[in-house]
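J.: whatever this is, show me its structure:
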Amino acid sequence: MRWAVVGNAENRRVRLFTDAVLAAGHAAPRVVAWHAVLTEGGHGFADDEFVRLDSPGENPAVDALLRGVPEPTRVEGSARWYANFVGAVRSLRGGRRLDDPADLAVLFDKRRCHARLAAAGVPVPPAPAAGPLRGWTDVRERMRAAGMSRVFVKLAHGSSASGVLAVESTTSGRWQASTSVEVDRDGALHNSLRVRRYQDESTIAAIVDRLAPDGLHLERWIPKATLGGRSADLRVVVIAGRATHVVVRTSRSPMTNLHLGGARGDLDAVRAAVGARWAEAMTICEHAAACFSDTLCVGVDLLPGLGWRRFTVGEVNAFGDLLPGLTGLPGSSAEGLDTYAAQLSAASRFAAATPRPATIGPLR
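T.: Numbers count the residues shown, from 1 in each chain. Below is the predicted model of the structure:
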């Protein structure tokens with residue numbers, strides 16, 4: 001099998017995937033840089049090349065091209081990032097794709113993604129009435145009309161908790177927002193590695209108003225189950241339609257992202273707490289992945305409710321497989337394999353069983 005990767009050669013995902021390709025006995029994949037795709041136009045791939053897309057966001061120069069903002073820490077510019085990214089993906093020609101352009105366009109828009117999941121019967125956090133959010137005034141009004149005192153305000157096209165605010169109000173009318181957004185002297189917004197709390201409504205309003213032109217997604221803040229006194233959720237990798245890898249993420253803040261102080265938790269302890277509902281939880285993730293049937297691998301963020309009794313899908317991530325050192329679940333098709341080796345195995349099985357489609361979705 002011949003492999004090609006659209007990505008940045010220095011990215012950890014690309015290096016790990018290259019190692020998996022070599023370990024499987026194939027030639028090293030051809031790497032097409034995102035910078036070249038964005039500056040030189042569409043690139044073509046041979047009919048027999050298997051093409052994997054990698055996240056373009058970890059290279060400052062590429063991020064600046066996509067976002068139109070030179071400072072890599074800046075939050076603003078996600079709408080432009082989305083438009084440029086989707087356009088670049090659609091410009092690629094040929095090859096056998098592991099990532100479908102139409103699926104990616106939905107996966108990177110939280111509003112469209114949640115709508116698709118909900119239409120398929122996948123449980124997602126309830127959202128107030130649909131429609132554009134022009135700023136803090138709209139957020140406040142939607143919360144009041146829906147009777148929601150705690151919500152997440154998210155960039156429609158954000159990732160890695162960029163621009164996310166966990167907002168809560170009290171009966172006395174006071175407000176609080178937990179976020180990794182840092183405001184500089186000029187009012188510009190930057191991503192930081194520290195979750196902070198803003199308790200002044202004018203500051204919260206200024207942040208939301210500055211984010212609103214990029215598009216906002218609003219959803220109910222669902223209290224999550226705890227593990228060792230910390231909030232917990234699950235990143236579940238689904239490959240070829242089957243849940244294969246799971247990592248527990250725990251945190252003392254509303255965001256469990258590992259780069260914001262989250263930590264990996266004990267999967268055995270979670271399975272013991274979930275008990276007989278474990279199969280149900282994995283099935284929910286597989287149903288979520290099935291909504292993106294032309295993409296081989298996604299990472300599903302599964303939110304367990306208090307007491308581990310109910311499960312809700314918070315996000316479906318196109319590039320959610322960076323889980324170094326994690327091997328597949330016992331009894332799964334990926335047992336003993338990391339996420340990249342498991343994708344190679346699934347693609348090889350698919351190639352042996354089918355003619356040459358434009359995209360490689362879940363095995364049927």
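
J.: which pLDDT value goes with the most centrally placed residue in the chain?
T.: In the chain, the residue lying closest to the centroid (CA atoms, centre = their mean) is N317, at 2.9 Å. What the model reports for N317 is a pLDDT of 97.

J.: and the residue nearest to S192 when sequence neighbours are not counted, how close does it get to A20?
T.: Distance criterion CB to CB, 6 or more residues apart in numbering; nearest residue to S192, sequence neighbours excluded, is E182 at 4.4 Å. Heads up, the C-betas are built off the backbone N, CA and C, glycines and all. Distance, E182 to A20, by CB to CB, to the nearest Å: 37 Å.

J.: cool, G336 as well?
T.: For G336, the distance to A20 - CB to CB - is 13 Å.

J.: domain boundaries for the chain, per the record?
T.: Domain ranges of the chain: 2-97, 136-220, 224-353, per automatic domain parsing.

J.: give me the below-cutoff pLDDT ranges for this structure.
T.: 352-358, 361-364 (pLDDT under 70).

J.: so where do the helices sit in it?
T.: Taking DSSP state H as the criterion, the chain carries its helices at 12-23, 34-40, 60-67, 78-91, 101-107, 110-119, 136-146, 201-211, 267-274, 278-290, 339-353.

J.: now render those as CSV, adding distance to T170 and mean neighbour count.
T.: Output for those, formatted as CSV (distance: least, CB to CB, whole Å; neighbours: other CB atoms under 10 Å):
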stretch, distance to T170, mean neighbour count
helix 12-23, 42, 17
helix 34-40, 45, 16
helix 60-67, 36, 19
helix 78-91, 30, 19
helix 101-107, 35, 20
helix 110-119, 27, 19
helix 136-146, 12, 16
helix 201-211, 11, 19
helix 267-274, 31, 15
helix 278-290, 33, 19
helix 339-353, 42, 19
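
J.: so for V238, which of these sits nearest?
T.: helix 278-290 (3.8 Å; CB to CB).

J.: what helices or strands is that closest one leaning on?
T.: strand 230-239, strand 242-251, strand 297-304, strand 311-317 (3 or more CB pairs under 8 Å, 6 or more residues apart in numbering; DSSP states H and E).

J.: so how far is S149 from the residue lying farthest from the centre of the chain?
T.: Most distant residue from the mean C-alpha position of the chain: S172, 35.3 Å away (CA atoms, centre = their mean). Using CB to CB, S172 is found at 12 Å from S149.

J.: what does stretch 204-213 rub up against?
T.: 75-76, 79, 133-139, 153, 155, 163, 165, 167, 175, 177, 179, 181, 183, 187, 189, 198, 216 (CB atoms under 8 Å, 6 or more residues apart in numbering).

J.: before we move on, back to that, if I read this right, the residue nearest to the centre of the chain contacts V298, doesn't it?
T.: Yes: N317 is within contact range of V298, at 6.3 Å (criterion: CB atoms under 8 Å).

J.: where do the contact lists of those two overlap?
T.: L107.

J.: if I pick the residue nearest to I222 when sequence neighbours are not counted, what's in contact with it?
T.: Residue nearest to I222 in three dimensions, not counting chain neighbours: P125, with 5.4 Å by CB to CB, 6+ apart. P125 makes contact with 114, 152, 219-222, 303, 312, 314 under the criterion CB under 8 Å, 6+ apart.
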